[in-house]
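Student: Predicted structure and sequence below. I'll ask about it afterward.
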Amino acid sequence: MSPHHWWLVPSWRSGGGCYVDGEQRRQVDTNYQHGGGWGPRLEVGPLEDIETEGPQSPLLSQEALCFSPLFLHQRLKKEKKMTNQNVMVSDTAITVAVSNSSLFPPVAQKPPAVPGNYITISKKKLQNLDINCGARINSWVDSMRASSPTHMKSSALSDDLNSWIVHHPSALDMFEEITNASKGKQIVMFLDYDGTLSPIVDDPDRAFMSDAMRATVRKLARYFPTAIVSGRCRDKVYSFVRLAELYYAGSHGMDIKGPSKGSKYMKDAQSLLCQPASEFLPMVDEVYKTLLEVTKSTPGAKVENNKFCVSVHFRCVDEKKWTELAQQVKTVLKEYPKLRLTQGRKVLEIRPTIKWDKGKALEFLLESLGYANCADVFPVYIGDDRTDEDAFKVLRKRGQGFGILVSKIPKETNASYSLQEPSEVMAFLRRLVDSKKLSLRRHFRMRRRRLEEIKMSLPN
Ligand SMILES: O=P(O)(O)OC[C@H]1O[C@H](O[C@H]2O[C@H](CO)[C@@H](O)[C@H](O)[C@H]2O)[C@H](O)[C@@H](O)[C@@H]1O
């Protein structure tokens with residue numbers, strides 16, 4: 001047996017599992033289990049131990065992987081079987097590298113490419129609830145459960161948080177390093193809304209942003225081009241934020257509009273409009289109406305029309321009814337192969353199959369602002385949800401700026417830094433504004449001094 005071949009089994013008390021899709025292309029035992037309690041786990045062992053037969057599970061949520069690198073680390077240490085290997089769980093895959101010496105990549109470092117010396121579990125099989133592959137309802141419900149931190153053991157949580165924070169340090173603690181890295185570059189700000197600018201609440205219609213946060217974002221936009229990138233429909237998120245000087249990308253980036261007030265950063269910002277999924281409008285509307293009707297029988301379910309996508313909220317649905325709700329949604333979506341399902345925080349999100357996401361929206365906005373091929377731009381994206389990972393990934397790929405994940409618990413992420421909650425986001429934004437003001441003041445003071453020197457040196 002080669003010491004470099006290892007297998008990984010994401011497992012749940014209820015079962016689960018997936019294919020190992022890399023070098024060895026072997027299937028993992030889907031019923032592998034470990035000690036009790038609900039919770040995402042990633043088991044590890046020599047590749048040779050894998051059972052080669054077993055049903056394929058089309059789904060494992062990203063959340064199910066959120067503790068896995070750390071769990072894996074501990075397990076690996078315990079087993080003392082692995083001395084010089086690197087284990088990584090990225091958004092695209094679970095990967096075991098065989099040569100690097102550290103367990104995690106340093107902050108802002110790109111994840112290693114796959115496959116090569118890596119064993120990979122492909123993202124498609126892990127992340128999305130792919131209705132077209134005929135996902136089983138159990139898998140859907142597992143994924144819905146995984147999005148609930150209440151299912152995570154608190155002891156594991158604090159251990160993992162301590163290790164996680166080392167690799168995704170607080171953006172507040174690292175403020176100096178961050179501003180140093182941005183020196184001489186144009187910072188462009190991208191802000192998610194729910195869970196980033198406003199706290200998560202039970203009723204999506206009441207996710208208000210505080211006046212203090214609004215004032216902070218207003219100041220921020222004075223100094224840096226600023227965009228709100230949200231899963232909500234653009235009008236709705238605008239009604240919460242109410243700042244006309246910002247760029248807005250609603251419906252997970254499928255509805256982008258420039259500032260109605262115009263912008264000092266772009267000549268013709270008012271006419272900026274991008275709606276790459278417009279042909280899906282009638283279909284999304286139809287699905288919204290059907291889902292509204294069908295889910296009426298499930299107490300607490302809430303269907304939200306986000307124009308180019310639909311959200312089915314289960315935050316207020318009794319867990320015993322989650323299977324019923326998943327079944328209702330699945331039945332409706334069977335009729336719409338051009339729509340796909342993803343998952344956010346206690347929400348099922350239905351959207352067109354087009355290749356457009358928050359990452360694409362970020363790229364589109366940078367291009368519109370004239371920074372497409374510019375080395376001197378420093379985009380900062382702050383978000384809390386799975387859909388924000390697409391934007392974090394784009395930043396890593398560009399090697400510009402960085403992502404900040406808003407989370408109190410360890411999550412697998414492509415972001416470089418973390419903040420715990422919207423109040424920390426506000427503190428970070430305020431510091432950005434203050435630091436910019438200070439540097440501008442210094443700049444003008446120096447310019448004035450220089451002008452005076454020139455004046456003095458001129459003959460009377
Ligand atoms: O991209 P975002 O701005 O973060 O939008 C993602 C979803 O956010 C909203 O739902 C979430 O926040 C609600 C209010 O706090 C909460 O009740 C819900 O459980 C969360 O999932 C919004 O309602 C969705 O339409 C967005 O897709």
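Tutor: Yes, it's here.
Student: which SS state does the residue in the chain that the ligand sits nearest to fall under?
Tutor: The nearest approach of the chain to the ligand comes at Gly231, 2.8 Å away (Cβ to the nearest ligand atom). In this view, the C-beta of every residue, glycine as well, is placed from N, C-alpha and C. Per DSSP: H, G, I helix; E, B strand; the rest coil, the local secondary structure of Gly231 is coil.
Student: Near the ligand, which residues of the protein? Just list them.
Tutor: 192-195, 200-202, 204, 207, 230-232, 304, 306, 311, 313, 315, 344-347, 349, 385, 387 (Cβ under 6 Å from any ligand atom).
Student: thought the residue of the chain closest to the ligand was touching Ala249?
Tutor: No - assessed by Cβ atoms under 8 Å, Gly231 is found out of contact with Ala249, at 10.1 Å.
Student: where are the low-confidence patches of this protein?
Tutor: 1-136, 147-157 (pLDDT under 70).
Student: Try it again at 80.
Tutor: For the chain, applying pLDDT under 80 flags the ranges 1-140, 143, 145-161, 267, 270, 460.
Student: List the buried residues of the helix or strand that Arg214 is a member of.
Tutor: Element membership of Arg214, judged by DSSP states H and E, is helix 211-223. By 16 or more other Cβ atoms under 10 Å, the buried positions in helix 211-223 come out as Met213, Arg214, Thr216, Val217, Arg218, Lys219, Leu220, Ala221, Tyr223.
Student: so what secondary structure elements neighbour it?
Tutor: Contact partners of helix 211-223 among helices and strands, from 3 or more Cβ pairs under 8 Å, 6 or more residues apart in numbering; DSSP states H and E: strand 186-191, helix 422-457.
Student: Of all the ones you listed, which one is nearest Arg242?
Tutor: Closest to Arg242 of those, according to Cβ to Cβ: strand 186-191, at 14.2 Å.
Student: what residues does the closest one touch?
Tutor: 197, 217, 220-221, 224-229, 362, 365-366, 369, 371, 374, 376-383, 391, 401, 425, 429, 432, 436 (Cβ atoms under 8 Å, 6 or more residues apart in numbering).
Student: Convert it to PDB, retaining C-alpha atoms only.
Tutor: Presented in PDB, the C-alpha positions along strand 186-191 are these (Å, rounded to 0.1, in the frame of the first residue of the first chain):
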ATOM      1  CA  GLN A 186      -7.900  51.500  -5.400                       C
ATOM      2  CA  ILE A 187     -10.000  49.600  -2.900                       C
ATOM      3  CA  VAL A 188     -13.400  48.500  -4.300                       C
ATOM      4  CA  MET A 189     -15.900  47.300  -1.700                       C
ATOM      5  CA  PHE A 190     -18.400  44.500  -2.300                       C
ATOM      6  CA  LEU A 191     -20.900  43.800   0.500                       C
END
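Student: from the contacts of strand 186-191, which ones fall inside strands?
Tutor: Thr226, Ala227, Ile228, Val229, Val377, Phe378, Pro379, Val380, Tyr381, Ile382, Gly383 (DSSP state E).
Student: what number of residues lie near the fifth one?
Tutor: Val377: 20 surrounding residues under other Cβ atoms under 10 Å.
Student: show me the contacts for it.
Tutor: With contacts defined as Cβ under 8 Å, 6+ apart, the neighbours of Val377 are Lys185, Gln186, Val188, Leu366, Tyr371, Gln400, Gly401.
Student: at 7 Å instead, please
Tutor: Contacts for Val377 (Cβ atoms under 7 Å, 6 or more residues apart in numbering) come out as Lys185, Gln186, Val188, Leu366, Tyr371, Gln400.
Student: The residues you listed into CSV, with extra columns for neighbour count?
Tutor: Listed next are these as CSV, based on neighbours: other Cβ atoms under 10 Å:
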residue, neighbour count
Lys185, 16
Gln186, 16
Val188, 23
Leu366, 23
Tyr371, 21
Gln400, 19
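Student: Mind picking the two most distant members of those?
Tutor: Using Cβ to Cβ, the two most remote members of these are Lys185 and Leu366, lying 12.4 Å apart.
Student: coming back round to it: tell me the buried residues within the residues of the chain next to the ligand.
Tutor: 192-195, 200, 204, 207, 230-232, 304, 306, 311, 313, 315, 344-347, 349, 385, 387.
Student: Who are the contact partners of Met228?
Tutor: Just so we're on the same page, residue 228 is Ile rather than Met. So, once contact is read as Cβ under 7 Å, 6+ apart, Ile228 ends up touching Leu191, Tyr193, Val237, Val241, Leu246, Tyr248, Ala249.
Student: Which parts of the protein are helices?
Tutor: 68-79, 123-126, 137-146, 154-167, 175-182, 211-223, 234-241, 281-294, 322-333, 358-368, 389-398, 422-457 (DSSP state H).
Student: Redo those helices as a markdown table? Include distance to Gln270.
Tutor: Output for the helices of the chain, formatted as a markdown table (distance: least, Cβ to Cβ, whole Å):
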| stretch | distance to Gln270 |
| --- | --- |
| helix 68-79 | 45 |
| helix 123-126 | 38 |
| helix 137-146 | 41 |
| helix 154-167 | 42 |
| helix 175-182 | 28 |
| helix 211-223 | 15 |
| helix 234-241 | 14 |
| helix 281-294 | 23 |
| helix 322-333 | 37 |
| helix 358-368 | 12 |
| helix 389-398 | 24 |
| helix 422-457 | 25 |
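Student: Out of these, which gets nearest to Gly262?
Tutor: helix 211-223 (12.4 Å).
Student: between that closest one and helix 422-457, how many degrees?
Tutor: Counting by axes from the mean of the first three to the mean of the last three Cα atoms, to 10 degrees, helix 211-223 lies at 40 degrees to helix 422-457.
Student: on that earlier part again, as TSV, the contacts of Val377 with distance to Glu421 would be great.
Tutor: Formatted as TSV, these follow (distance: Cβ to Cβ, whole Å):
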residue	distance to Glu421
Lys185	28
Gln186	28
Val188	23
Leu366	27
Tyr371	30
Gln400	26
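Student: Perfect, that will be all.
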